[in-house]
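Novice: give the three-dimensional model of this entry:
(chains A and B)
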2 protein chains.
Amino acid sequence: MQRIAVDMDGVIADITEQFFLYDEKDFGKRKLLEEVMGIKELEAFPHSRKYVYRKGFFRTAPVVKDSREIVSELNKLYEVFIVSAATEFPQSLSEKQEWLNEHFPFIQWQQIVFCGLKTIIDADIMIDDHFKNLDHFTGSTLLFSQPHNLHQNEGRHKRVHSWKEIASHLL
Amino acid sequence: MQRIAVDMDGVIADITEQFFLYDEKDFGKRKLLEEVMGIKELEAFPHSRKYVYRKGFFRTAPVVKDSREIVSELNKLYEVFIVSAATEFPQSLSEKQEWLNEHFPFIQWQQIVFCGLKTIIDADIMIDDHFKNLDHFTGSTLLFSQPHNLHQNEGRHKRVHSWKEIASHLL
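Specialist: Modelled structure (predicted):
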């Protein structure tokens, strides 16, 4: 059975939408998608580093469209691990696990990995929105499109724009 | 640079001593080491499953003798990752990271992995006190002696009884 490492933030947890919502809450105005397309996260959302340290930021993140249904299907055919680079934000660890328990209840604790560098991850397929994680991975890679990575050429990675597209590749 | 995956509980965090201390606190009497030698954890410490859910259990665990000094030396010669099967106890995640920050301040967040199954870990050397983690690992293995694993033959794993002994192998 092939093993898939599925990233959380920007792949199943909609952190971009959460940044939009936090910006709107703080400044009374929602940014337009066009304003952040192809722009690095910290430039697109200058307050993002502050937001991620707020209690509840990760716990209340929206779920990326179709991710729950398709990860549930993948979970029957593959050995699925949810792999999140979370130790940079220690306060996020329990929030992230609670979030997974709520939205992805079919993911068992055995299948969860909170780490820093993903170079230690051994899997066949990695789905991630960051080049820094995919570039060192020796298996197959799927780059999940997010505004912050649109300016970069996908290179050897296969770019996917939605979970429907992931399903068409893997199911 | 070779990568080492170092387990926490029973290897750098002295969970056995913590069980002794919790037993003593609860029952006013410290068990003898002979009473738990070669006996599975749950039989040696029937209340251990209760203890691990108590607030502070992991945060206040003693440090295994010599582990801090020797991991610090290994950290200069190897790519060291601390890999703990912690997602079974979600409340332990932040306690474990705080514990590492206090006792192993030279370990950066990039080097920490909290997971369930360790089959996803890609490293050259694994130091662990549990066969279930070592048996599926394809690199070199060091079995760290703990009362709960003394009744088992080390098989293909190299048994080590102390961090000094680990140093003699790896430094």
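Novice: can you confirm residue A:5 is in a strand?
Specialist: Yes. If the criterion is DSSP: H, G, I helix; E, B strand; the rest coil, then residue A:5 is within a strand.
Novice: all helices of chain A, in order?
Specialist: A:15-27, A:33-36, A:41-44, A:48-51, A:67-77, A:92-103, A:131-134, A:163-170 (DSSP state H).
Novice: near chain B, which residues of chain A are found?
Specialist: Neighbours of chain B within chain A, by CB under 8 Å from any CB of the partner chain: A:3, A:5, A:81, A:83, A:87-88, A:90-91, A:93-94, A:97-98, A:108-117, A:119-123. Where C-beta positions appear, they are placed from N, C-alpha and C, glycine not excepted.
Novice: residue ranges of each domain in chain A, please.
Specialist: The record's domain split for chain A, according to automatic domain parsing, is A:3-14+A:62-170, A:15-51.
Novice: any idea which of these is most buried?
Specialist: domain A:3-14+A:62-170 (a mean of 19; mean count of other CB atoms under 10 Å in any protein chain shown).
Novice: sorry, back to before: out of the residues of chain A next to chain B, which sit inside strands?
Specialist: Residues from the residues of chain A next to chain B lying in strands, with DSSP state E as the criterion: A:3, A:5, A:81, A:83, A:112, A:113, A:114, A:115.
Novice: with pLDDT added, can I get those residues in TSV?
Specialist: Shown next, in TSV, are these (pLDDT from 0 to 100):
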residue	pLDDT
A:3	98
A:5	98
A:81	98
A:83	98
A:112	98
A:113	98
A:114	98
A:115	98
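Novice: which two of those have the greatest separation?
Specialist: A:3 and A:114 (17.2 Å; CB to CB).
Novice: phi first, then psi, for residue A:145.
Specialist: As for residue A:145, its main-chain torsions (degrees, to the nearest 10) stand at phi -60, psi 130.
Novice: what's the spacing between it and residue A:83?
Specialist: Applying CB to CB, to the nearest Å, the value for residue A:145 to residue A:83 is 19 Å.
Novice: model confidence for the closest residue to residue A:15 other than its chain neighbours, exactly?
Specialist: Closest residue to residue A:15 apart from its sequence neighbours, by CB to CB, 6 or more residues apart in numbering or on different chains: residue A:9 at 4.5 Å. What the model reports as pLDDT for residue A:9 is 98.
Novice: would you mind confirming that residue A:9 is in contact with residue A:84?
Specialist: Yes. Look at residue A:9 against residue A:84 with CB atoms under 8 Å: they come within range, at 6.7 Å.
Novice: now distance to residue A:29 too, for the ones in strands among the residues of chain A next to chain B, in TSV please.
Specialist: Listed next are these as TSV, based on distance: CB to CB, whole Å:
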residue	distance to residue A:29
A:3	43
A:5	37
A:81	39
A:83	35
A:112	36
A:113	37
A:114	34
A:115	36
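Novice: ok, of those, which one's closest to residue A:18?
Specialist: residue A:114 (18.3 Å).
Novice: that closest one contacts residue B:120, doesn't it?
Specialist: No. The pair residue A:114 / residue B:120 is not scored as a contact, 12.0 Å apart, by CB under 8 Å.
Novice: picking up where we left off before, now do the same contact list for the residue nearest to residue A:15.
Specialist: A:15, A:58, A:61, A:84, A:85, A:129 (CB atoms under 8 Å, 6 or more residues apart in numbering or on different chains).
Novice: between the residues you listed, which is nearest residue A:171?
Specialist: Among those, and counting by CB to CB, the member closest to residue A:171 is residue A:129, at 20.2 Å.
Novice: touching, the closest one and residue A:10? I think so.
Specialist: Yes. Here residue A:129 reaches residue A:10: they are 3.7 Å apart, a contact under CB under 8 Å.
Novice: identify the contacts common to these two.
Specialist: A:144, A:146, A:148.
Novice: now, those residues that are in strands?
Specialist: residue A:144.
Novice: could you dump the shared contacts of residue A:129 and residue A:10 to CSV with pLDDT?
Specialist: What follows is those, written out as CSV (pLDDT from 0 to 100):
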residue, pLDDT
A:144, 98
A:146, 97
A:148, 95
